[in-house]
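Student: fold the following.
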Amino acid sequence: MTRPPNCDRSLEELERDRWPAPSADATRLVATAHALRRRPIGELTVEDMRLLIGQDVGLSYLLRLALKVLRDNPMAEGDMYEGDLLSAVLTRNPAVWTESSGLGRELRAIVSELTDLPPDLQQKVERFLKP
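Tutor: Coordinates of the predicted model:
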């Protein structure tokens, strides 16, 4: 994907893929992910992005938006802990960064400047930066 997505559109619209309604016994996570896919991506919060990215949902659109947030605030926080968006982004399958090498370079630039990270996040950064 080379141009920025239309932030007024939802993941369902951008991906042209409407998921069926979750079952009545679906977990809160599943129900939330389904609902967030119908929200315009420009309205997604840090927590919304963290949740969806952590579930590998909408990565081709959301990683670009997450990096925009992380550029300004690498330790952006959803509902879990400081840096939880960065953690979600760093722990995606390495193939994602191979397919989107420009985004991978941008993430490398962001994390290479970080210091004094909590140990768990530091380990994730080190794993990401390994050749």
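Student: extract the C-alpha trace of the helix or strand harbouring residue 48 and format it as CSV.
Tutor: For residue 48, the host element (DSSP states H and E) is helix 46-54. Extracted C-alpha coordinates of helix 46-54, given in CSV (Å, rounded to 0.1, in the frame of the first residue of the first chain):
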residue,chain,number,x,y,z
VAL,A,46,-4.5,4.3,20.9
GLU,A,47,-6.2,1.5,22.8
ASP,A,48,-8.3,0.5,19.8
MET,A,49,-5.2,0.3,17.6
ARG,A,50,-3.3,-1.6,20.2
LEU,A,51,-6.1,-4.2,20.5
LEU,A,52,-6.6,-4.6,16.7
ILE,A,53,-2.9,-4.7,15.9
GLY,A,54,-2.3,-7.2,18.7
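Student: give the buried residues for the helix or strand that comes right after it.
Tutor: Using DSSP H and E, the next helix or strand after helix 46-54 towards the C-terminus is helix 59-72. With burial defined by 16 or more other Cβ atoms under 10 Å, the residues of helix 59-72 counted as buried are 59, 61-67, 69-70. The C-beta positions use only the backbone N, C-alpha and C, and glycine is treated the same way.
Student: just stretch 25-32 next, same as before
Tutor: Of the residues in stretch 25-32, those buried (16+ other Cβ under 10 Å) are residue 32.
Student: now the helix holding residue 48, how far from the chain's geometric center?
Tutor: Centre-to-centre, helix 46-54 and its host chain are 6 Å apart (Cα atoms, centre = their mean, to the nearest Å).
Student: relative to helix 59-72, how tilted is that helix?
Tutor: 130 degrees (axes from the mean of the first three to the mean of the last three Cα atoms, to 10 degrees).
Student: one step back: of the buried residues of helix 59-72, closest to residue 119?
Tutor: residue 70 (19.6 Å; Cβ to Cβ).
Student: got the contact list for the residue nearest to that closest one when sequence neighbours are not counted?
Tutor: Nearest non-adjacent residue to residue 70, counting by Cβ to Cβ, 6 or more residues apart in numbering: residue 110, 5.4 Å away. Residues in contact with residue 110 (Cβ atoms under 8 Å, 6 or more residues apart in numbering) are 67, 70-71, 74.
Student: sounds good, over and out.
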